[in-house]
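Enquirer: would you be able to build a 3D model of this:
(one chain, ligands or ions: 1)
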Amino acid sequence: MLNESILSQSLKQPFRYFDSVDSTNDIAKDWLLSGTQALSVVIADEQRKGRGRKGRVWHTPAGVALALSVILKPTVHQAHRVSMLGALAVYDLCASLGIKHVGIKWANDVQIMGKKVSGILPEAVWERDKLIGVVLGIGVNVRVTFPPELAETAINLELATGQTLNREALLATLLTRIQYWYGQLDDNELFDTWEERLSTIGQAVEIEGIVGIAQGVDYDGALLIKTHDARIQRVLAGDVSLVSR
Ligand code: BTN
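Expert: Now for the predicted structure:
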């Protein structure tokens, strides 16, 4: 369990803490709809039905991870940058712990030495054609132990640092960085830093059936892939896999 009184001393924004929930994103959506300020956050120690991208399950056992959903209020125009800001904040958290070899695998998986440490699930909430806000769901592996089939591709912060970490302190740092990047939504610094931290650029990749070299990203965050016939293909969403050249 997380210590709620430490959270109330260290967090600057309204927060709701739960020992166990189905998904923090669902609670944050309800809170957004009933009315709260931007940067309000829902935090849980355990999620029973945590969601990942593409309908996948995201495991958050008690006591070993960070699971949070931050309520943000971007304009429609800024909304695609919300997941970038989440990845940047998690990257900053890793860097603050002195972890080396941190990178962002396009689009927003933060990796350490090529292994996933965090996942990001932004969910927009609309009322008819009006964007009410975006719930930025973030899961970070702190001391999650992985089954053998995931150990090749996943890592946690304690393995990466060789230290026992305090989850309340990690949350405070992460939320400070989210607040910082939220203030930069319109600034080139956000896009430029995200682009600079992408480890996928220059790699041979496969995504959505397209194989080629990841050349770069455009201003919408789409990945540009140069295929073997030298055409540039633009991909807005999907899972990147590395392929051998
Ligand atoms: C991914 O598939 O990489 C995204 C995982 C997102 C997990 C987080 S944990 C907090 C929030 N609540 C959820 O149910 N999912 C997100």
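Enquirer: what distance do you get for the residue most central in space within the chain to the ligand?
Expert: For the chain, the residue nearest the mean C-alpha position is Ile120 (3.0 Å; C-alpha atoms, centre = their mean). Going from Ile120 to the ligand by C-beta to the nearest ligand atom, to the nearest Å gives 6 Å. Using the backbone N, CA and C atoms, a C-beta is placed for each residue, glycine as well.
Enquirer: which secondary structure state is assigned to that residue?
Expert: strand (DSSP: H, G, I helix; E, B strand; the rest coil).
Enquirer: now the strands for the chain?
Expert: 15-21, 41-47, 65-72, 102-105, 109-112, 115-127, 130-141, 204-207, 210-217, 223-226, 232-235, 241-242 (DSSP state E).
Enquirer: quickly, which of the ones you listed bottoms out on average pLDDT?
Expert: The minimum mean pLDDT among the strands of the chain belongs to strand 241-242 (a mean of 86).
Enquirer: that strand packs against which elements?
Expert: Other helices and strands packing on strand 241-242, by 3 or more C-beta pairs under 8 Å, 6 or more residues apart in numbering; DSSP states H and E, are strand 204-207.
Enquirer: roughly how far does the nearest residue to Thr176 once chain neighbours are set aside sit from Leu2?
Expert: Nearest non-adjacent residue to Thr176, counting by C-beta to C-beta, 6 or more residues apart in numbering: Lys12, 8.0 Å away. Counting by C-beta to C-beta, to the nearest Å, the gap from Lys12 to Leu2 is 17 Å.
Enquirer: ok, these two, which is more surrounded?
Expert: Using other C-beta atoms under 10 Å, the more surrounded residue of Lys12 and Leu2 is Leu2, with 17 against 10.
Enquirer: which residues does the nearest residue to the more buried one once chain neighbours are set aside contact?
Expert: Leaving aside its sequence neighbours, Leu2 sits nearest to Asp45 (C-beta to C-beta, 6+ apart; 5.3 Å). For Asp45, the contact set (C-beta atoms under 8 Å, 6 or more residues apart in numbering) comprises Met1, Leu2, Phe18, Asp19, Ser20, Ala62, Gly63, Ala67.
Enquirer: using neighbour counts, trim those to the buried set.
Expert: Using 16 or more other C-beta atoms under 10 Å as the burial test, these include Leu2, Phe18, Ala67 as buried.
Enquirer: state the pLDDT value of the first one.
Expert: As predicted, Leu2 sits at a pLDDT of 97.
Enquirer: contacts only, for it.
Expert: Tyr17, Ile43, Asp45, Arg167, Glu168, Leu171.
Enquirer: what's the neighbour count on the nearest residue to the fifth one once chain neighbours are set aside?
Expert: Pointing back at Glu168 there. Nearest non-adjacent residue to Glu168, counting by C-beta to C-beta, 6+ apart: Ile6, 4.5 Å away. Ile6 sits with 15 neighbouring residues when counted by other C-beta under 10 Å.
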